[in-house]
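>>> sequence below, structure please.
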Amino acid sequence: MLAKLFNSRTKNVASAAGLLGISALISRFLGLIRDRLLAGTFGAGEELDIYFAAFRIPDFVYGILIMGGVAAVFLPVFSEYFRKSEEDAWKFTNNLLNCFLILLVLLCAILALLTPWLVSLIAPGFSPAAKELTVALTRIMFISPILFGISSVFSGVLHYFDRFFAYSLAPVVYNLGIIFGILFLVPSFGLYGLAYGVILGAGLHWLFQIPAARNSGYKYLPLFNFRNFGLVKIFKLMVPRTIGAAAYHINLMVITAVASTLSAGSIAIFNFANNLQYFPVGLIGVSFSVAAFPALARSLVADLKEEFSKVFSSTFRQILFSVVPVSILIFILRAQIVRIVLGTGQFGWLETRLTAASLALFSLGIFAAALVPFLARVFYSFQDTKTPLAVSLISMVLNVGLCFLFVFLLGFSNLFQGFIVNALKLQGIENIGVIGLPLALSVSGIVQFFLLLFFLKKKEFDFNGGEIIHSLKRVLLASFLMAAVAYLCLFLAAEFLDTKTFTGILIQTTVACLAAGLAYLLTGAWLKSPEIGIIRSALVAKFKKR
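Alright, predicted model coming up:
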């Protein structure tokens, strides 16, 4: 039964998307549990700063070579081979697997030797002892991109054969591996236990995909040919993708470097807030953009410009309809969210206030962060990869400059600092420089969004701009009424509940979310928002199908 489930194939795109959506939701909830355990065990202090800093360089390798490289370009090349010859396709797969593994091992070995210099670069504010521990953890965690590199090839194989169940489990078991490390390895090995948990999770990410890959026809062969046509094509296709992916990770490196010069715990606070804000970005923005991409590409290939405009407008409006109210609720409920997810053990009230303030500033740019992946894929539909790359590089430079500017301005008494302190209720906290980092990322993300929109307009296709603007007006009005309901519920619940306890704050937040969500949907229906009809139609269609 279990083997049959592992090797099952999804019947259509909708079922695959549903399965991946459920997997993403489970994985992100496990991510929240992981962060709660980290916060409760270590608090926001030097230890977690070291852990997150140690993550940065291996994550850079993973982000640009694997997620931004092989994982993105393997499938189309494998598909070409498989259509011509199944045997050649498996030979190509094994050759890529072996050659890529060798290159990853060599790269990670070289980086391991350079780690002391790299750590000084990304964490200049660390003490010598902290740098030494960061170096040790980084060297251990260099094993993870090697395992992920192998796993990415197996993932591509499973995608081709529609075996999404095994693939969907991979991110889930990865987080379970880290959670296992926190619960069972940290008591014996300290911070090293976290690194071992990461390696365990990465190993499980790979191992859980092997049975389904073998059932698809894969058999290992020791092939090594660096001049293979398919391998050369893979690396050529990787180049523009890796440059684009590098911009995002360089941003995170700069933020880590700046945060390391601030008060202890700044790196941890930024990462916790970033993980919380990415929850809606991943579930809404990335999900919609991935789902819409095939339809956009097919419309352009068939020269169906009207259909392309409809898909663009519908997807854009649905993302706005979903993400704007979520952003506002996150801003309103920021303290409650941080207390529920992170408020335990060693994570104190000072850390809670700074993380909540960081989350509030992140919420300002969530709409942009959710729409940028979609707009980038619209450019890809036009077979234009240069414009998104150029815009991402501009955004990166802007973010770096704003990081230094905002941290500087928040370091002494001035009008800007006074406004931020009063707006986010940070009175009495001396060092608030860390909140300049999410503000910089939000502002640069918003600029990136508008630049993409500006250059997209030059493509000379019908945006259905009037339709989008009318929809945005309805969304903003419904969101305003929703915000009023949320504030009212928070006030009333506080009169009847003990909000100093976890149960009390959980009930207060749940009631506020449910009431606000209901108010938003009812207002949207009253305003005749077309997105309500789209959601209703999708639910009815699924119900009838079942």
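
>>> what segments of the stretch 201-350 of the chain are helices?
With DSSP state H, counting those that start in this stretch as the definition, the stretch 201-350 of the chain shows helices at residue ranges 210-215, 229-260, 266-280, 287-301, 305-332, 334-342, 349-363.

>>> worst mean pLDDT among the ones you listed?
Per-stretch mean pLDDT for these is lowest at helix 287-301 (a mean of 69).

>>> name the helix or strand for N431, please.
Taking DSSP states H and E as the definition, N431 sits outside all helices and strands.

>>> OK, contacts around it?
Shown in contact with N431 (Cβ atoms under 8 Å, 6 or more residues apart in numbering): 262-263. In short, each C-beta sits where N, CA and C put it, glycine included.

>>> shaky segments in the stretch 51-200 of the chain?
Along the stretch 51-200 of the chain, the parts satisfying pLDDT under 70 run over 68-69, 71-72.

>>> what sits closest to A515 if chain neighbours are left out?
Leaving aside its sequence neighbours, A515 sits nearest to C489 (Cβ to Cβ, 6 or more residues apart in numbering; 4.8 Å).

>>> tell me the contacts of the one you found?
508, 511-512, 515-516.

>>> I'd like the residues you listed as CSV, with pLDDT and distance to V326 appended.
Formatted as CSV, these follow (pLDDT from 0 to 100; distance: Cβ to Cβ, whole Å):
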residue, pLDDT, distance to V326
Q508, 96, 18
V511, 95, 17
A512, 96, 13
A515, 96, 15
A516, 96, 10
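
>>> now those in JSON lines, with secondary structure and neighbour count?
Shown next, in JSON lines, are the contacts of C489 (DSSP: H, G, I helix; E, B strand; the rest coil; neighbours: other Cβ atoms under 10 Å):
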{"residue": "Q508", "secondary structure": "helix", "neighbour count": "23"}
{"residue": "V511", "secondary structure": "helix", "neighbour count": "17"}
{"residue": "A512", "secondary structure": "helix", "neighbour count": "23"}
{"residue": "A515", "secondary structure": "helix", "neighbour count": "18"}
{"residue": "A516", "secondary structure": "helix", "neighbour count": "26"}
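
>>> now these in a markdown table, with distance to A212?
Below are the contacts of C489 laid out as a markdown table (distance: Cβ to Cβ, whole Å):
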| residue | distance to A212 |
| --- | --- |
| Q508 | 44 |
| V511 | 43 |
| A512 | 42 |
| A515 | 44 |
| A516 | 41 |
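
>>> from these, which is closest to L371?
Distance to L371 across those (Cβ to Cβ) is lowest for A516, with 22.2 Å.

>>> now do the residue nearest to A515 against F142, distance only.
Using Cβ to Cβ, to the nearest Å, C489 is found at 48 Å from F142.

>>> T355 contacts V338, doesn't it?
Yes. The pair T355 / V338 is scored as a contact, 4.9 Å apart, by Cβ atoms under 8 Å.

>>> so what sits against both of those two?
F272.

>>> of these two, who's got more company?
Taking other Cβ atoms under 10 Å, T355 and V338 do not tie; T355 has more neighbours (32 against 26).

>>> please name the residues that touch that one.
44, 269, 272-273, 338, 342.

>>> equivalent analysis for L185, please.
Counting by Cβ under 8 Å, 6+ apart, the residues that L185 touches are 192-194, 196-197.

>>> neighbour-wise, which one of those leads?
In terms of neighbour count, L194 stands highest of those at 27 neighbours, by other Cβ under 10 Å.

>>> give the contact list for that one.
Under the criterion of Cβ under 8 Å, 6+ apart, the neighbours of L194 are 38, 51, 137, 178, 181-182, 185-186.

>>> repeat that for 10 Å
Taking Cβ atoms under 10 Å, 6 or more residues apart in numbering, we find L194 in contact with 38, 41-42, 47-48, 50-52, 54-55, 137, 140-141, 178, 181-182, 185-186.

>>> what about it, distance to V372?
From L194 across to V372, the span is 31 Å (Cβ to Cβ).

>>> same check, this time on V324
As judged by Cβ to Cβ, V324 and V372 stand 15 Å apart.

>>> and those two? which has more neighbours close in?
A direct count of neighbours by other Cβ under 10 Å for V324 and V372 places V372 higher, at 25 against 20.

>>> would you turn the contacts of L185 into a markdown table with secondary structure and distance to Q427?
Putting the contacts of L185 into a markdown table (DSSP: H, G, I helix; E, B strand; the rest coil; distance: Cβ to Cβ, whole Å) gives the following:
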| residue | secondary structure | distance to Q427 |
| --- | --- | --- |
| Y192 | helix | 39 |
| G193 | helix | 38 |
| L194 | helix | 34 |
| Y196 | helix | 42 |
| G197 | helix | 38 |
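
>>> list just the nearest of those to S23.
Distances from S23 to the contacts of L185, taken by Cβ to Cβ, are shortest for G197, at 20.2 Å.

>>> surely the closest one meets P187?
No. Using Cβ atoms under 10 Å, G197 makes no contact with P187, being 12.0 Å away.

>>> burial of A24, as a residue count?
Neighbours around A24, by other Cβ under 10 Å: 17.

>>> could you do N422 as well?
N422 has 10 nearby residues by other Cβ under 10 Å.

>>> try E87
By the measure other Cβ under 10 Å, the count of residues near E87 is 11.

>>> isn't it right next to L223, touching?
No. The criterion here is Cβ under 10 Å, and E87 misses it with L223 at 12.0 Å.

>>> tell me which element the residue nearest to A515 is part of?
Assigned by DSSP H and E, C489 belongs to helix 465-496.

>>> returning to what we had before: of the contacts of T355, which qualify as buried by neighbour count?
Among the contacts of T355, the ones that count as buried by 16 or more other Cβ atoms under 10 Å are 44, 269, 272-273, 338, 342.

>>> picking up where we left off before, closest one to L101 among the helices of the stretch 201-350 of the chain?
Evaluated over these, closeness to L101 peaks at helix 229-260, with 12.4 Å, by Cβ to Cβ.

>>> buried residues in the host helix or strand of L439?
According to DSSP H and E, L439 maps onto helix 436-457. For helix 436-457, the buried set under the neighbour-count rule, 16+ other Cβ under 10 Å, comprises 436-449, 451-453, 455-456.

>>> got it, and stretch 388-404?
388-389, 391-392, 395-396, 398-400, 402-403.

>>> mean confidence for it?
Averaging pLDDT along stretch 388-404 gives 93.

>>> using PDB, list the CA coordinates for it.
What follows is stretch 388-404, C-alpha atoms only, in PDB (Å, rounded to 0.1, in the frame of the first residue of the first chain):
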ATOM      1  CA  PRO A 388      13.800  40.700 -14.900                       C
ATOM      2  CA  LEU A 389      17.500  40.100 -14.400                       C
ATOM      3  CA  ALA A 390      18.400  43.800 -14.900                       C
ATOM      4  CA  VAL A 391      15.500  44.900 -12.600                       C
ATOM      5  CA  SER A 392      16.600  42.400  -9.900                       C
ATOM      6  CA  LEU A 393      20.200  43.800 -10.000                       C
ATOM      7  CA  ILE A 394      18.800  47.300  -9.700                       C
ATOM      8  CA  SER A 395      16.700  46.200  -6.700                       C
ATOM      9  CA  MET A 396      19.800  44.500  -5.200                       C
ATOM     10  CA  VAL A 397      21.900  47.700  -5.400                       C
ATOM     11  CA  LEU A 398      19.000  49.800  -4.000                       C
ATOM     12  CA  ASN A 399      18.500  47.400  -1.100                       C
ATOM     13  CA  VAL A 400      22.200  47.400  -0.100                       C
ATOM     14  CA  GLY A 401      22.200  51.200  -0.100                       C
ATOM     15  CA  LEU A 402      18.900  51.500   1.900                       C
ATOM     16  CA  CYS A 403      20.200  48.900   4.500                       C
ATOM     17  CA  PHE A 404      23.100  51.200   5.400                       C
END
